[in-house]
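> missing the sequence, but the structure's below:
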(Lines give C-alpha, C1' and ligand atoms only; values in the text may rest on other atoms or scores of the structure.)
Protein backbone atom coordinates (compact mmCIF):
# COMPACT_ATOMS: atom_id res chain seq x y z
CA UNK A 1 0.00 0.00 0.00
CA UNK A 2 1.46 3.35 -1.04
CA UNK A 3 2.06 5.86 1.69
CA UNK A 4 1.26 9.51 1.35
CA UNK A 5 4.29 11.73 0.73
CA UNK A 6 5.18 13.99 3.64
CA UNK A 7 3.91 17.53 3.45
CA UNK A 8 7.11 18.67 5.19
CA UNK A 9 9.02 19.51 2.03
CA UNK A 10 10.03 22.60 0.12
CA UNK A 11 8.34 23.73 -3.08
CA UNK A 12 9.35 21.56 -6.05
CA UNK A 13 10.32 24.62 -8.11
CA UNK A 14 13.41 24.94 -5.89
CA UNK A 15 14.64 21.40 -6.59
CA UNK A 16 16.79 22.58 -9.51
CA UNK A 17 18.02 25.73 -7.78
CA UNK A 18 21.42 25.43 -6.12
CA UNK A 19 23.72 27.54 -4.01
CA UNK A 20 26.58 29.57 -5.46
CA UNK A 21 29.86 27.72 -5.88
CA UNK A 22 31.54 31.03 -5.18
CA UNK A 23 30.22 30.98 -1.61
CA UNK A 24 31.79 27.56 -1.09
CA UNK A 25 35.12 28.85 -2.36
CA UNK A 26 34.92 31.80 0.03
CA UNK A 27 34.49 29.33 2.89
CA UNK A 28 37.75 27.56 1.92
CA UNK A 29 39.54 30.89 1.77
CA UNK A 30 38.30 31.86 5.22
CA UNK A 31 39.55 28.53 6.60
CA UNK A 32 43.03 29.17 5.16
CA UNK A 33 43.13 32.68 6.56
CA UNK A 34 41.91 31.48 9.95
CA UNK A 35 44.89 29.12 9.94
CA UNK A 36 47.19 32.11 9.51
CA UNK A 37 47.86 31.68 5.79
CA UNK A 38 48.12 34.61 3.39
CA UNK A 39 45.73 34.26 0.47
CA UNK A 40 45.92 36.27 -2.76
CA UNK A 41 42.28 37.26 -3.16
CA UNK A 42 41.48 37.23 -6.87
CA UNK A 43 38.15 35.44 -6.57
CA UNK A 44 35.95 38.41 -5.79
CA UNK A 45 33.83 40.90 -7.67
CA UNK A 46 34.10 43.97 -5.45
CA UNK A 47 35.55 47.32 -6.58
CA UNK A 48 39.04 48.17 -5.30
CA UNK A 49 37.90 51.48 -3.73
CA UNK A 50 35.46 52.37 -0.96
CA UNK A 51 32.06 54.02 -1.47
CA UNK A 52 32.76 57.71 -2.18
CA UNK A 53 32.23 60.07 0.76
CA UNK A 54 29.42 62.16 -0.80
CA UNK A 55 27.34 59.01 -1.26
CA UNK A 56 27.84 57.95 2.35
CA UNK A 57 27.05 61.43 3.62
CA UNK A 58 23.84 61.49 1.57
CA UNK A 59 22.65 58.38 3.41
CA UNK A 60 23.64 59.90 6.76
CA UNK A 61 21.80 63.11 5.92
CA UNK A 62 18.72 61.09 4.99
CA UNK A 63 18.84 59.47 8.44
CA UNK A 64 19.25 62.86 10.13
CA UNK A 65 16.28 64.16 8.13
CA UNK A 66 14.21 61.17 9.32
CA UNK A 67 13.91 59.66 5.86
CA UNK A 68 13.38 56.33 7.60
CA UNK A 69 9.74 55.66 6.83
CA UNK A 70 8.00 53.67 4.13
CA UNK A 71 8.69 54.98 0.65
CA UNK A 72 6.86 54.16 -2.57
CA UNK A 73 7.78 50.54 -3.26
CA UNK A 74 8.90 51.42 -6.80
CA UNK A 75 11.29 54.09 -5.52
CA UNK A 76 11.17 57.70 -4.37
CA UNK A 77 10.10 60.13 -7.08
CA UNK A 78 13.39 62.12 -7.27
CA UNK A 79 15.38 58.91 -7.77
CA UNK A 80 13.12 57.59 -10.52
CA UNK A 81 13.19 60.98 -12.24
CA UNK A 82 16.99 61.04 -12.12
CA UNK A 83 17.23 57.46 -13.37
CA UNK A 84 14.88 58.20 -16.26
CA UNK A 85 17.02 61.20 -17.22
CA UNK A 86 20.21 59.10 -17.03
CA UNK A 87 18.71 56.32 -19.17
CA UNK A 88 17.50 58.80 -21.78
CA UNK A 89 20.75 60.75 -22.09
CA UNK A 90 23.46 58.19 -21.32
CA UNK A 91 21.95 54.91 -22.56
CA UNK A 92 19.77 56.43 -25.33
CA UNK A 93 16.77 54.55 -23.91
CA UNK A 94 13.91 57.08 -23.88
CA UNK A 95 12.42 56.66 -20.41
CA UNK A 96 9.89 58.21 -18.07
CA UNK A 97 9.83 57.78 -14.27
CA UNK A 98 6.94 55.34 -14.65
CA UNK A 99 9.20 53.06 -16.71
CA UNK A 100 11.84 52.82 -13.99
CA UNK A 101 11.86 50.86 -10.73
CA UNK A 102 14.40 50.81 -7.90
CA UNK A 103 15.44 47.32 -6.83
CA UNK A 104 17.47 45.67 -4.10
CA UNK A 105 20.61 45.40 -6.19
CA UNK A 106 20.84 44.30 -9.77
CA UNK A 107 20.07 40.80 -8.55
CA UNK A 108 16.48 41.65 -7.66
CA UNK A 109 16.09 43.38 -11.02
CA UNK A 110 17.19 40.21 -12.83
CA UNK A 111 15.09 37.98 -10.57
CA UNK A 112 12.07 40.15 -11.25
CA UNK A 113 12.74 40.18 -14.99
CA UNK A 114 12.81 36.40 -15.31
CA UNK A 115 9.83 35.96 -13.00
CA UNK A 116 7.94 38.51 -15.09
CA UNK A 117 8.40 36.84 -18.47
CA UNK A 118 9.02 33.10 -17.97
CA UNK A 119 6.35 30.45 -17.44
CA UNK A 120 6.94 26.81 -16.47
CA UNK A 121 8.23 24.96 -19.53
CA UNK A 122 9.65 28.06 -21.24
CA UNK A 123 13.23 28.25 -22.47
CA UNK A 124 15.68 31.15 -22.12
CA UNK A 125 18.69 31.63 -24.39
CA UNK A 126 21.72 32.50 -22.24
CA UNK A 127 25.04 33.64 -23.69
CA UNK A 128 27.69 31.54 -21.98
CA UNK A 129 29.90 31.63 -19.98
CA UNK A 130 27.50 33.59 -17.80
CA UNK A 131 27.29 35.09 -14.31
CA UNK A 132 26.67 32.07 -12.09
CA UNK A 133 23.21 32.89 -10.64
CA UNK A 134 21.58 33.34 -14.05
CA UNK A 135 20.86 29.66 -14.72
CA UNK A 136 19.35 29.29 -11.26
CA UNK A 137 17.25 32.43 -11.73
CA UNK A 138 15.85 30.88 -14.91
CA UNK A 139 15.26 27.51 -13.24
CA UNK A 140 13.61 29.29 -10.32
CA UNK A 141 10.97 30.44 -12.79
CA UNK A 142 10.54 26.74 -13.73
CA UNK A 143 12.08 27.43 -17.12
CA UNK A 144 15.16 26.00 -18.83
CA UNK A 145 18.40 27.86 -19.64
CA UNK A 146 19.75 27.11 -23.12
CA UNK A 147 23.46 27.93 -23.16
CA UNK A 148 24.68 29.72 -26.26
CA UNK A 149 28.51 29.77 -26.55
CA UNK A 150 29.49 33.42 -26.87
CA UNK A 151 32.75 32.65 -28.68
CA UNK A 152 30.95 30.44 -31.23
CA UNK A 153 28.28 33.08 -31.80
CA UNK A 154 30.87 35.81 -32.40
CA UNK A 155 32.87 33.56 -34.72
CA UNK A 156 30.08 31.89 -36.71
CA UNK A 157 27.39 34.55 -36.60
CA UNK A 158 25.11 35.52 -33.74
CA UNK A 159 21.81 35.05 -35.56
CA UNK A 160 22.65 31.60 -36.89
CA UNK A 161 24.00 30.47 -33.51
CA UNK A 162 20.93 31.72 -31.64
CA UNK A 163 18.75 29.89 -34.17
CA UNK A 164 20.76 26.71 -33.65
CA UNK A 165 20.11 26.69 -29.90
CA UNK A 166 16.58 28.06 -29.93
CA UNK A 167 13.44 25.93 -29.50
CA UNK A 168 9.75 26.48 -30.07
CA UNK A 169 9.48 27.15 -26.32
CA UNK A 170 12.08 29.91 -26.31
CA UNK A 171 10.66 32.99 -24.65
CA UNK A 172 13.59 35.31 -23.90
CA UNK A 173 17.29 36.04 -24.39
CA UNK A 174 19.67 36.90 -21.54
CA UNK A 175 22.04 39.50 -22.96
CA UNK A 176 24.95 40.64 -20.77
CA UNK A 177 27.49 43.25 -21.85
CA UNK A 178 30.17 43.72 -20.65
CA UNK A 179 30.17 40.06 -19.70
CA UNK A 180 31.05 38.44 -16.42
CA UNK A 181 33.33 36.40 -16.40
CA UNK A 182 34.93 36.82 -19.83
CA UNK A 183 34.97 40.61 -20.18
CA UNK A 184 33.42 40.38 -23.66
CA UNK A 185 31.84 43.64 -24.83
CA UNK A 186 29.26 43.17 -27.58
CA UNK A 187 29.55 45.68 -30.43
CA UNK A 188 26.64 47.68 -31.78
CA UNK A 189 26.59 45.42 -34.85
CA UNK A 190 26.32 42.36 -32.61
CA UNK A 191 23.56 44.01 -30.60
CA UNK A 192 21.72 44.66 -33.86
CA UNK A 193 21.95 40.95 -34.71
CA UNK A 194 20.51 39.95 -31.35
CA UNK A 195 17.78 42.57 -31.74
CA UNK A 196 16.85 41.39 -35.24
CA UNK A 197 16.62 37.80 -33.99
CA UNK A 198 14.46 38.83 -31.02
CA UNK A 199 12.09 40.81 -33.22
CA UNK A 200 11.85 38.04 -35.83
CA UNK A 201 11.08 35.39 -33.19
CA UNK A 202 8.97 37.74 -31.01
CA UNK A 203 11.26 37.25 -28.00
CA UNK A 204 11.90 39.38 -24.92
CA UNK A 205 15.45 40.47 -24.05
CA UNK A 206 16.66 40.63 -20.46
CA UNK A 207 19.66 42.95 -20.69
CA UNK A 208 22.22 42.96 -17.87
CA UNK A 209 24.37 46.11 -17.92
CA UNK A 210 26.01 45.89 -14.49
CA UNK A 211 29.44 46.84 -15.89
CA UNK A 212 28.32 49.60 -18.27
CA UNK A 213 30.98 52.02 -17.01
CA UNK A 214 33.84 49.52 -17.20
CA UNK A 215 34.71 49.32 -20.90
CA UNK A 216 38.35 49.61 -22.01
CA UNK A 217 38.11 48.66 -25.69
CA UNK A 218 35.15 49.79 -27.77
CA UNK A 219 32.14 51.37 -26.08
CA UNK A 220 29.09 50.28 -24.16
CA UNK A 221 25.86 50.06 -26.13
CA UNK A 222 22.38 49.44 -24.70
CA UNK A 223 20.37 47.06 -26.85
CA UNK A 224 17.08 48.68 -25.77
CA UNK A 225 18.13 51.84 -27.63
CA UNK A 226 17.72 50.10 -31.01
CA UNK A 227 14.52 50.57 -33.05
CA UNK A 228 11.80 48.18 -31.97
CA UNK A 229 13.67 47.02 -28.86
CA UNK A 230 12.50 49.34 -26.06
CA UNK A 231 9.10 47.64 -26.07
CA UNK A 232 10.58 44.14 -25.71
CA UNK A 233 13.56 44.72 -23.39
CA UNK A 234 13.92 44.72 -19.61
CA UNK A 235 17.26 46.37 -18.82
CA UNK A 236 18.83 45.76 -15.42
CA UNK A 237 21.48 47.88 -13.70
CA UNK A 238 23.30 48.07 -10.38
CA UNK A 239 25.10 50.75 -8.38
CA UNK A 240 27.51 48.12 -7.03
CA UNK A 241 30.29 48.22 -9.60
CA UNK A 242 30.54 51.85 -10.73
CA UNK A 243 30.17 53.35 -7.26
CA UNK A 244 31.57 50.59 -4.99
CA UNK A 245 28.17 50.07 -3.38
CA UNK A 246 28.00 46.27 -3.29
CA UNK A 247 26.74 46.14 0.29
CA UNK A 248 24.20 48.92 -0.19
CA UNK A 249 22.07 46.70 -2.42
CA UNK A 250 20.99 49.37 -4.86
CA UNK A 251 19.86 48.61 -8.38
CA UNK A 252 17.17 49.42 -10.90
CA UNK A 253 15.41 48.23 -14.01
CA UNK A 254 13.73 49.98 -16.88
CA UNK A 255 10.95 48.41 -18.92
CA UNK A 256 7.69 49.26 -20.67
CA UNK A 257 4.29 47.84 -19.86
CA UNK A 258 3.19 45.15 -19.28
CA UNK A 259 6.57 44.23 -17.80
CA UNK A 260 6.77 47.17 -15.39
CA UNK A 261 3.53 46.22 -13.68
CA UNK A 262 4.92 42.71 -13.18
CA UNK A 263 8.19 44.09 -11.77
CA UNK A 264 6.26 46.33 -9.38
CA UNK A 265 4.33 43.34 -8.05
CA UNK A 266 7.49 41.30 -7.50
CA UNK A 267 9.28 44.13 -5.67
CA UNK A 268 6.17 45.00 -3.64
CA UNK A 269 5.57 41.47 -2.40
CA UNK A 270 9.21 40.56 -1.79
CA UNK A 271 10.96 43.58 -0.22
CA UNK A 272 8.37 46.37 -0.52
CA UNK A 273 11.10 48.46 -2.06
CA UNK A 274 14.68 49.56 -1.40
CA UNK A 275 15.70 50.84 2.04
CA UNK A 276 14.75 54.52 2.09
CA UNK A 277 18.14 56.07 3.10
CA UNK A 278 19.85 53.88 0.48
CA UNK A 279 17.69 55.48 -2.19
CA UNK A 280 19.03 58.91 -1.24
CA UNK A 281 22.56 57.50 -1.52
CA UNK A 282 21.69 56.16 -4.99
CA UNK A 283 20.40 59.61 -5.95
CA UNK A 284 23.68 61.18 -4.86
CA UNK A 285 25.70 58.54 -6.73
CA UNK A 286 24.09 59.65 -9.98
CA UNK A 287 25.63 63.10 -9.41
CA UNK A 288 29.18 61.67 -9.45
CA UNK A 289 31.28 63.61 -11.99
CA UNK A 290 32.11 61.74 -15.18
CA UNK A 291 35.77 62.62 -14.62
CA UNK A 292 35.75 60.58 -11.40
CA UNK A 293 34.29 57.54 -13.16
CA UNK A 294 36.81 57.91 -15.99
CA UNK A 295 39.69 58.13 -13.51
CA UNK A 296 38.68 54.83 -11.92
CA UNK A 297 38.35 53.21 -15.32
CA UNK A 298 41.98 54.06 -16.02
CA UNK A 299 42.94 52.60 -12.64
CA UNK A 300 41.19 49.39 -13.61
CA UNK A 301 43.00 49.42 -16.96
CA UNK A 302 46.37 49.52 -15.14
CA UNK A 303 45.31 46.54 -13.05
CA UNK A 304 44.04 44.65 -16.08
CA UNK A 305 47.25 45.12 -18.02
CA UNK A 306 49.43 44.18 -15.06
CA UNK A 307 47.54 40.96 -14.37
CA UNK A 308 47.13 39.92 -18.02
CA UNK A 309 50.84 40.45 -18.66
CA UNK A 310 51.63 38.34 -15.62
CA UNK A 311 49.30 35.53 -16.67
CA UNK A 312 50.75 35.39 -20.17
CA UNK A 313 54.30 35.47 -18.80
CA UNK A 314 53.75 32.12 -17.04
CA UNK A 315 52.00 30.52 -20.02
CA UNK A 316 48.37 31.05 -19.00
CA UNK A 317 47.06 32.42 -22.30
CA UNK A 318 44.81 35.40 -21.74
CA UNK A 319 43.51 38.08 -24.08
CA UNK A 320 42.95 41.47 -22.42
CA UNK A 321 39.26 41.65 -21.44
CA UNK A 322 37.42 44.48 -23.17
CA UNK A 323 35.26 45.24 -20.14
CA UNK A 324 34.33 44.43 -16.51
CA UNK A 325 37.17 43.59 -14.09
CA UNK A 326 37.96 39.92 -14.60
CA UNK A 327 40.63 38.06 -16.53
CA UNK A 328 39.60 34.63 -17.86
CA UNK A 329 42.74 32.79 -18.95
CA UNK A 330 43.06 29.26 -20.24
CA UNK A 331 44.47 27.31 -17.28
CA UNK A 332 44.68 23.78 -18.70
CA UNK A 333 48.42 24.06 -18.10
CA UNK A 334 47.58 23.64 -14.40
CA UNK A 335 44.81 21.05 -14.92
CA UNK A 336 42.19 20.45 -17.60
CA UNK A 337 39.44 20.42 -14.97
CA UNK A 338 38.92 23.99 -13.79
CA UNK A 339 37.73 22.98 -10.32
CA UNK A 340 40.89 20.96 -9.81
CA UNK A 341 43.00 23.79 -11.23
CA UNK A 342 41.43 26.25 -8.78
CA UNK A 343 42.06 23.87 -5.86
CA UNK A 344 45.69 23.35 -6.88
CA UNK A 345 46.32 27.07 -7.21
CA UNK A 346 44.67 27.79 -3.85
CA UNK A 347 46.50 25.01 -1.99
CA UNK A 348 49.95 25.35 -3.61
CA UNK A 349 50.18 29.08 -4.34
CA UNK A 350 47.44 30.44 -2.07
CA UNK A 351 45.85 32.21 -5.05
CA UNK A 352 42.05 32.29 -4.86
CA UNK A 353 40.21 32.14 -8.19
CA UNK A 354 36.87 30.88 -9.48
CA UNK A 355 36.65 27.71 -11.63
CA UNK A 356 35.44 28.47 -15.14
CA UNK A 357 32.98 25.58 -15.07
CA UNK A 358 30.73 27.38 -12.57
CA UNK A 359 30.00 29.88 -15.34
CA UNK A 360 28.67 27.13 -17.62
CA UNK A 361 30.27 24.35 -19.64
CA UNK A 362 31.76 26.96 -21.98
CA UNK A 363 33.94 28.19 -19.11
CA UNK A 364 35.67 24.86 -18.55
CA UNK A 365 39.44 25.00 -18.89
CA UNK A 366 39.54 28.56 -17.55
CA UNK A 367 39.78 30.33 -14.20
CA UNK A 368 38.35 33.73 -13.36
CA UNK A 369 40.87 36.15 -11.82
CA UNK A 370 39.31 39.33 -10.44
CA UNK A 371 41.59 42.36 -10.64
CA UNK A 372 39.45 44.83 -8.69
CA UNK A 373 42.13 44.90 -5.99
CA UNK A 374 45.17 47.02 -5.20
CA UNK A 375 48.16 47.08 -7.54
CA UNK A 376 50.51 45.69 -4.82
CA UNK A 377 48.11 42.77 -4.37
CA UNK A 378 48.19 42.03 -8.10
CA UNK A 379 51.99 42.26 -8.11
CA UNK A 380 52.16 39.81 -5.21
CA UNK A 381 49.83 37.44 -7.06
CA UNK A 382 51.98 37.58 -10.20
CA UNK A 383 55.06 36.77 -8.13
CA UNK A 384 53.22 33.84 -6.52
CA UNK A 385 52.29 32.58 -9.99
CA UNK A 386 55.90 32.80 -11.15
CA UNK A 387 57.06 30.94 -8.07
CA UNK A 388 54.37 28.29 -8.61
CA UNK A 389 55.56 27.63 -12.19
CA UNK A 390 59.28 27.59 -11.40
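Received it, and whenever you're ready, just let me know what you need. Small disclaimer: the values here were computed from a predicted structure and weren't measured.

> Centre of the chain to the helix or strand hosting residue 344, how far?
Residue 344 is located in helix 338-349, with elements delineated by DSSP states H and E. Relative to the chain's own centre, helix 338-349 is displaced by 24 Å; criterion: Cα atoms, centre = their mean, to the nearest Å.

> show me where the stretch 101-250 of the chain has helices.
With helices called from DSSP state H, counting those that start in this stretch, the stretch 101-250 of the chain shows them at 105-117, 133-140, 150-156, 158-165, 188-201, 240-243.

> what packs against the helix holding residue 344?
helix 21-34, strand 354-355, strand 367-370, helix 375-389 (3 or more Cβ pairs under 8 Å, 6 or more residues apart in numbering; DSSP states H and E). Where C-beta positions appear, they are placed from N, C-alpha and C, glycine not excepted.

> How about the longest one, which residues are buried there?
Neighbour counts using 16 or more other Cβ atoms under 10 Å place 378, 381, 382, 384, 385 of helix 375-389 among the buried residues.

> Which neighbouring elements make contact with that helix?
Counting contacts by 3+ Cβ pairs under 8 Å, 6+ apart, helix 375-389 packs against strand 40-41, helix 290-313, helix 338-349, strand 351-352.

> How about the second one?
Here strand 354-355 touches helix 21-34, helix 338-349, strand 367-370, going by 3+ Cβ pairs under 8 Å, 6+ apart.

> Other residues contacting the helix or strand where residue 282 lies?
Using DSSP H and E, residue 282 maps to helix 276-285. Helix 276-285 is contacted from outside by 52, 54-59, 61-63, 67-71, 75-76, 78-79, 82, 102, 239, 242-243, 245, 248-250, 252, 274, using Cβ atoms under 8 Å, 6 or more residues apart in numbering.

> Just those residues: which are in strands?
Among the contacts of helix 276-285, DSSP state E puts 102, 250, 252 in strands.

> Reformat these as CSV; add distance to residue 130, neighbour count and pLDDT.
Below are the ones in strands among the contacts of helix 276-285 laid out as CSV (distance: Cβ to Cβ, whole Å; neighbours: other Cβ atoms under 10 Å; pLDDT from 0 to 100):
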residue, distance to residue 130, neighbour count, pLDDT
102, 25, 28, 98
250, 23, 27, 98
252, 21, 26, 98
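
> what's the closest of those to residue 145?
residue 252 (24.0 Å; Cβ to Cβ).

> wait, isn't that closest one in contact with residue 104?
No. Contact between residue 252 and residue 104 fails when scored by Cβ atoms under 8 Å: they sit 10.2 Å apart.

> Give the intersection of the neighbour lists for these two.
Common neighbours of residue 252 and residue 104 (Cβ under 8 Å, 6+ apart) do not exist.

> and of the helices of the stretch 101-250 of the chain, who's closest to residue 45?
Nearest to residue 45, of these and by Cβ to Cβ, is helix 240-243 at 8.0 Å.

> Residues contacting that closest one, please?
Contacts for helix 240-243 (Cβ under 8 Å, 6+ apart): 47, 51-52, 55, 105-106, 210-214, 246, 248, 250-251, 285, 288, 293, 325.

> let's see it at 10 Å
45-47, 49, 51-52, 55, 105-107, 178, 180, 210-214, 246-251, 281-282, 284-286, 288, 292-293, 296-297, 324-325, 372 (Cβ atoms under 10 Å, 6 or more residues apart in numbering).

> What of stretch 307-317?
Contacts of stretch 307-317 (Cβ under 10 Å, 6+ apart): 42, 318-321, 325-334, 341, 366-367, 369-371, 373, 375, 378-379, 381-390.

> Quick check, pLDDT for residue 154.
Note for residue 154: predicted pLDDT of 97.

> Correct me if wrong: it contacts residue 161.
Yes. If you go by Cβ atoms under 10 Å, residue 154 and residue 161 touch, sitting 8.6 Å apart.
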